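A.B. asks: My questions are about this predicted structure, shown below with the sequence.
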Amino acid sequence: MPTPAPPPPRALRLRLALFYAAMFVPIGVHLPFWPVWLAGRGLAPEQISLVLTVMQVVRLVTNPFIARMADRLGERKRPIMAAIIAGTIAVAAYWPMHGPAAILAVTVLHGTATGPILTLHDTLTLEAGRRWPLDYGRLRLWGSIAFIAAAAGSGFVLAGRSSEWVLALLFAGALACLAGGVALPDLRLPPRGTGGGTILPLLASPVFMLFSLLAGLVQGSHALLYGFGTLHWRAGGLSESLIGMLWAEGVVAEIILFYLGAAVSRRLGPFGLSAIAAAAATLRWLLATLPVSLPLLVVVQALHGLSFGAQHLASMLFLAKAVPPERAATAQALHATLGIGLVMGASTWASGRLYAALGARAFLVMAAMAAAALLLALALALVLRAKGEAAPASP
């Protein structure tokens with residue numbers, strides 16, 4: 001009989017889950033309400049999309065280098081802490097900035113600093129899962145719970161107040177992230193020197209690159225909602241407090257999926273999860289083209305659990321199976337940047353022009369992206385099944 005895996009160290013689950021929660025507090029402020037702050041500083045829709053795109057592009061350029069450094073050093077906690085400190089400084093630097101150029105300059109620092117935090121913590125959690133029996137989904141769901149609390153709470157705080165409160169809430173969230181980082185476990189791999197974390201085998205793997213494109217199409221189709229959902233709903237007559245509740249409601253189904261993540265992942269595999277995510281995203285964006293109404297938006301936001309959550313689980317499952325530990329952070333970063341970041345950046349840049357020209361009909365473009373991802377997921381699943389592979393080989 002195989003020897004059972006040893007139990008994880010006491011409080012390891014708590015410390016990993018605590019940081020997911022702390023990390024998603026500023027995300028719960030930034031994602032729904034940052035466009036409101038930008039608009040309050042006088043930026044037009046095209047300028048808002050440019051600022052959001054710059055953050056994506058900066059992450060696209062810098063994340064692989066930071067992750068490769070972490071793989072070479074065998075480090076996780078110290079790079080995360082350095083990124084949090086730099087990100088907190090960047091948030092504070094927004095206060096005196098007015099005008100697109102000044103805000104863009106700080107955005108470069110903000111994107112560089114905060115980009116690798118989630119990637120490195122996911123890598124840290126997957127490394128812990130290789131050593132001890134841990135359920136990734138049940139750890140990650142605490143980030144979703146924190147997002148709900150932050151989004152809903154921010155909506156109530158902002159109701160009837162100046163958009164400048166968004167920045168104050170974001171800075172408070174950055175401090176919460178810093179506090180959570182202190183409690184992170186310091187799990188390390190042996191340093192790999194200059195040869196560790198090379199990206200060439202990953203770039204040469206067709207399955208890795210195509211799966212990254214697939215994930216990018218699904219997640220990138222959310223760009224219009226992230227950039228202009230709040231502004232669109234406000235124009236439709238919804239209050240900030242109600243909008244905050246809608247953002248929070250969208251994550252409830254995600255929490256349920258993460259709680260059931262291990263069982264669902266075993267049954268569907270990464271490509272099955274991706275297909276469900278792409279189908280749900282296609283339906284979600286088609287519904288979003290309809291006139292703003294609360295009952296409709298309840299349905300639209302409930303689909304977030306599948307359109308985002310199922311794809312995120314698919315990515316984590318794919319990377320855990322396809323990538324060896326010594327390339328884990330590099331693979332996470334490449335997947336998040338060359339796949340998700342590249343497509344998200346292009347989609348975010350286009351969203352401002354699309355929304356200015358088409359309004360809600362711009363969601364048809366997002367639906368087309370998700371439909372393309374669905375076809376790619378089905379094609380990859382069929383190819384691997386024909387080859388007799390249950391999971392992709394390590395690149």
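C.D. replies: Looks like it arrived, so ask away.
A.B. asks: in this structure, what spans have low per-residue confidence?
C.D. replies: Across the chain, the ranges flagged by pLDDT under 70 are 1-10, 188-203, 261, 323-329, 338, 387-395.
A.B. asks: Tell me the helix or strand right after the longest helix belonging to it.
C.D. replies: Counting by DSSP state H, the longest helix found in the chain is helix 100-131. Toward the C-terminus, helix 100-131 is succeeded by helix 136-158 as the next helix or strand (DSSP states H and E).
A.B. asks: What angle do helix 100-131 and that next one make with each other?
C.D. replies: Angle, helix 136-158 to helix 100-131, by axes from the mean of the first three to the mean of the last three C-alpha atoms, to 10 degrees: 150 degrees.
A.B. asks: Show me what helix 136-158 is packed up against.
C.D. replies: Contact partners of helix 136-158 among helices and strands, from 3 or more C-beta pairs under 8 Å, 6 or more residues apart in numbering; DSSP states H and E: helix 12-40, helix 100-131, helix 165-182, helix 240-259, helix 261-288, helix 311-322. No exception for glycine: its C-beta is placed from N, CA and C like everyone else's.
A.B. asks: and the longest helix of the chain, what does it pack onto?
C.D. replies: So helix 100-131, by 3+ C-beta pairs under 8 Å, 6+ apart, packs with helix 12-40, helix 45-73, helix 77-93, helix 136-158, helix 311-322, helix 328-334.
A.B. asks: tell me which strands and helices the first one is in contact with?
C.D. replies: In this structure, helix 12-40 makes packing contacts with helix 45-73, helix 100-131, helix 136-158, helix 165-182, helix 223-235, helix 240-259, judged by 3+ C-beta pairs under 8 Å, 6+ apart.
A.B. asks: buried residues in the longest one?
C.D. replies: It stands for helix 100-131. Residues of helix 100-131 classed as buried by neighbour count (16 or more other C-beta atoms under 10 Å): 100, 103, 106-129.
A.B. asks: Same check on the shortest one?
C.D. replies: Buried residues in helix 223-235, counting neighbours by 16+ other C-beta under 10 Å, are found at Ala223, Leu224, Leu225, Tyr226, Gly227, Phe228, Gly229, Thr230, Leu231, His232, Trp233, Arg234.
A.B. asks: again, but for stretch 246-260
C.D. replies: By neighbour count on 16+ other C-beta under 10 Å, the buried set for stretch 246-260 is 246-255, 257-260.
A.B. asks: same question, stretch 343-357
C.D. replies: Buried-residue list, stretch 343-357, by 16+ other C-beta under 10 Å: Val343, Met344, Gly345, Ala346, Ser347, Thr348, Trp349, Ala350, Ser351, Gly352, Leu354, Tyr355.
A.B. asks: now, which of those sits nearest Arg76?
C.D. replies: Met344 (24.1 Å; C-beta to C-beta).
A.B. asks: can you tell which of the helices and strands packed on helix 136-158 is closest to Thr337?
C.D. replies: Of all the helices and strands packed on helix 136-158, helix 100-131 comes closest under C-beta to C-beta, at 8.1 Å.
A.B. asks: Give me the angle between that closest one and helix 12-40.
C.D. replies: Using the same axes, to 10 degrees: helix 100-131 against helix 12-40 is 160 degrees.
A.B. asks: distance between helix 100-131 and the chain's centre?
C.D. replies: Distance, stretch centre to chain centre, for helix 100-131: 10 Å (C-alpha atoms, centre = their mean, to the nearest Å).
A.B. asks: how many other residues sit next to the spatially closest residue to Gly180 that is not a sequence neighbour?
C.D. replies: Leaving aside its chain neighbours, Gly180 sits nearest to Ala22 (2.4 Å; criterion: C-beta to C-beta, 6 or more residues apart in numbering). Residues contacting Ala22 under the criterion other C-beta atoms under 10 Å number 25.
A.B. asks: pretty sure Ala22 contacts Leu184?
C.D. replies: No - if you go by C-beta atoms under 8 Å, Ala22 and Leu184 don't touch, sitting 9.5 Å apart.
A.B. asks: Overlap of the contact sets of those two?
C.D. replies: Between them, Ala22 and Leu184 share no contacting residue under C-beta atoms under 8 Å, 6 or more residues apart in numbering.
A.B. asks: Would you mind listing the residues in contact with Arg234?
C.D. replies: Shown in contact with Arg234 (C-beta under 8 Å, 6+ apart): Val36, Glu240, Ile243.
A.B. asks: Just name the closest of these to His30, please.
C.D. replies: Val36 (10.7 Å).
A.B. asks: Turn the buried residues of stretch 343-357 into TSV, including secondary structure.
C.D. replies: Formatted as TSV, those follow (DSSP: H, G, I helix; E, B strand; the rest coil):
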residue	secondary structure
Val343	helix
Met344	helix
Gly345	helix
Ala346	helix
Ser347	helix
Thr348	helix
Trp349	helix
Ala350	helix
Ser351	helix
Gly352	helix
Leu354	helix
Tyr355	helix
